[in-house]
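> A predicted structure for the sequence below; I have some questions about it.
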Amino acid sequence: MTETSWPPARIRFSPEDRILYLTKDLDLIRRQIRDGLRLRMADLDPAELLDDVNTDVMTPAWVCFRHRPEDIALDAYAGLVDADGERVIGTRELMAGGFKAIVSGQRKGTGSSRETAAQCERWSGIRFVFASSFAPIHERNNINLGQLMGDHDMLRRLEAGEELALAEFTDRYDPITQLILECGGLFPFSRRVAAGEIVLPANATGPRPMTMAEKMIAAKMLNPGPAGAYVAPGDAVLARVDGGYSHEFTTAQVHTFLQQEFGPDYRVRNPDKLAVFEDHLLYADGVARFAPFVDQIQTLRDLQREFQAHTGVRDYQARDGVSPGICHQVAREEFVDPGDFIQATDSHTCMGGASNALSYGVGATEYAALAESGFTFVKVPESIRFELVGELPAGCTAKDVMLHILDTFAKREDTLNRSMEFGGPGLASLSVDERATLCNMATECTARTGICEGDEALAEWLAARRPGTSAADFAARFVAPDEGAEYAGGVHTIDLGAIQPMLARPGDPTYGVPVAEAGEVPIDIAYGGSCTAGKEDDLAYYARVCAEAVAAGRRVAEGVSFYIQFGSRPVQERARAEGWIDLFERAGVTLIDPGCGACIGCGPGVSETREQVTVSAINRNFAGRSGPGQLWLASPLTVAASAFSGRIVAYREGMFAEPAATA
């Protein structure tokens, strides 16, 4: 079938069609690829299929150094490794396998928003993707590329010889998404809309109480119905985008796609609120295993500079080797405002929700389209609300709250593809930076986004960072949920006072355990940084522990490397003004200029061997993401306390005045 005839009106699989089953038994995957083994859905228990196939597995960081999809596909699934660290699917093997479809279990495509994960399958010849469920950003990336997604029952029917209509792959979606799939992807759809060949239906929802996400989407909607600007979960609308950003991992693709679709003289809308950042690969040149990719990394940087010069968007690229900071942190400091609709090419874009904004990550195709047009497609998500009450105990932070939510609500998929709404009297007890942690890790919950209610503390935080503004300016823009708003995921009360210090076991942030129940875990590396844990208040947590340790005559434990990386230049300047930098150095901490670094395996703090154990304050710990070793997730307080103890321990005030053996 030619590309121009995609998708077919009717779908039939022949006995000769190859289907790759991603099974928990990795040897079965190898045998399918190399020995011609054929499996059938009818003969498999879905429990035998791999769950949580994350985007790092599909295209690890080094594969993303390439910006052409056909080159990315050469090393599809390079992050899928066995217990010995050996790749299960080798270079060119997926592409050469002639597979028509690929099959996995629950939550296909969790993790980062990298569209490369969907591209590696699409450019390997795979056009059908079957799973029990899909992570929302990955699902959207597949839709934008024209990939057809189905469930296991549909595959059983196809393997039994049944012919399925295209509608069976599309009818579970809203009318606009159906049109995108029927057109073969987002760009063909956009061309037909621009040519007047497709008339978008007006939204039919009438007056109703709305959640924060619903109200923000309704306010930006371009196709309201006769009843006015109201939306409900499942509605398909076009919405105006206020701003967004990309970074050097993704901008090259955005630039390339825009040139291909709109010509070399393309323009973007609203460049004063679009931005580029150099943060993800800032330290990659110094990582030994990335030495073969230095030229590719430089190409990404060069193409980003070309894009910025061409479009005139905000420029947050490195100067003299120093970055202004991590995109999510800088964006909330400088241009994400209450009520904004923000899109960016990174899954942690949802961190902007701490500013009472609607923000979430998209792939390069979707970002390119919205940057050119100024609007994007939105399927209104369901919401789940968390009513926070009480105050956190002294040894706990918002990170512990999120690890608790991951281990409960996310594990049972209560948060899947929903907007996580945070409010209640307990929210006021959390600083604005701590609220950013809640929203940042919504993507770890496989949610669409996270949004916090606005209050006086937020208004003052924003005004202090935006010259010429007042707290009243921002307070006037706050969006609050309506009384009687409906929450499909329920309303859940979380008693902050009952939270205890938490960890996530190596391999996945979803699987939590209280620190007290983790047992004896000696460590080699303690890392504090990333968008989740490189904010001003995170630095204050590290400083609190370091001050107590230094006062007790302690330094970082022998054999342990403790790294602290600043999230932005203002964070670094605050640390200098408070005297924390001197404190950290006296304690034996290694300090790193602003950037992403170890969080994506591109900088100091990355493990070098499989035997090394890291306790880290970053947001996700998929295998291999931050080096080959074991990586436990923890709060900034737990990370710092562990650095001085040589093993994972929860922080307690005065703990370093005790004998080291009982710390």
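Happy to help now that I have it.
> what separates stretch 185-195 from the chain centre, distance-wise?
With C-alpha atoms, centre = their mean, to the nearest Å as the basis, stretch 185-195 stands 27 Å off its chain's centre.
> Name the residues that touch that stretch?
Applying C-beta atoms under 8 Å, 6 or more residues apart in numbering, the contact partners of stretch 185-195 are 143-146, 179-180, 183, 198, 200, 257, 261, 365-366, 369, 373, 377. (C-beta placed from N, C-alpha, C; glycine too.)
> That one: which residues count as buried?
Along stretch 185-195, these residues count as buried under the neighbour rule (16 or more other C-beta atoms under 10 Å): Gly185, Leu186, Phe187, Pro188, Phe189, Ser190, Val193.
> least confident pick among the contacts of stretch 185-195?
Looking at these by pLDDT, the weakest one is Leu200, with 79.
> So what's the residue count around Asp82?
Other residues lying near Asp82 total 12 when counted by other C-beta atoms under 10 Å.
> Please name the residues that touch it.
Leu26, Val88.
> if we go to 6 Å?
By C-beta atoms under 6 Å, 6 or more residues apart in numbering, Asp82 lies in contact with Leu26.
> Any figure for the gap between it and Leu26?
Counting by C-beta to C-beta, to the nearest Å, the gap from Asp82 to Leu26 is 5 Å.
> again with Cys452
41 Å.
> Also Ile72?
Using C-beta to C-beta, one gets 22 Å for the distance from Ile72 to Leu26.
> Which one's more surrounded, those two?
Ile72 (26 against 17).
> Work out for me the element the more buried one sits within.
Ile72 is part of helix 69-72 when elements are defined by DSSP states H and E.
> for the contacts of stretch 185-195, which one is nearest Gly286?
Phe257 (30.2 Å; C-beta to C-beta).
> What sits closest to that closest one if chain neighbours are left out?
Ala368 (4.3 Å; C-beta to C-beta, 6 or more residues apart in numbering).
> For Pro224, list the residues it contacts.
If you count contacts by C-beta under 6 Å, 6+ apart, Pro224 has them with Asn203.
> Could you measure from it over to Asn203?
Here Pro224 is placed at a distance of 6 Å from Asn203 (C-beta to C-beta).
> And for Val432?
From Val432 over to Asn203 the distance is 33 Å, taken as C-beta to C-beta.
> Mind checking which of these two has more residues around it?
Regarding Val432 and Asn203, a neighbour count based on other C-beta under 10 Å identifies Asn203 as having more, with 24 against 20.
> which ones are touching the more buried one?
So Asn203 contacts Asn223, Pro224, Gly225, Asp235, Val237 (C-beta under 6 Å, 6+ apart).
> Go through these and name the one nearest Gln253.
Val237 (26.0 Å).
> On the strand side of things, show who the residue lying closest to the closest one once chain neighbours are set aside bridges to.
Nearest residue to Val237, sequence neighbours excluded (C-beta to C-beta, 6+ apart): Met221, at 4.8 Å. Beta-bridge partners for Met221, by DSSP bridges, are Ala239.
> Number of residues surrounding Met221?
Neighbours around Met221, by other C-beta under 10 Å: 23.
> Which residues lie in contact with it in this structure?
Counting by C-beta under 6 Å, 6+ apart, Met221 makes contact with Ala229, Val237, Ala239.
> mind redoing it with 8 Å?
When contacts are counted by C-beta under 8 Å, 6+ apart, Met221 touches Asn203, Ala229, Val231, Val237, Leu238, Ala239.
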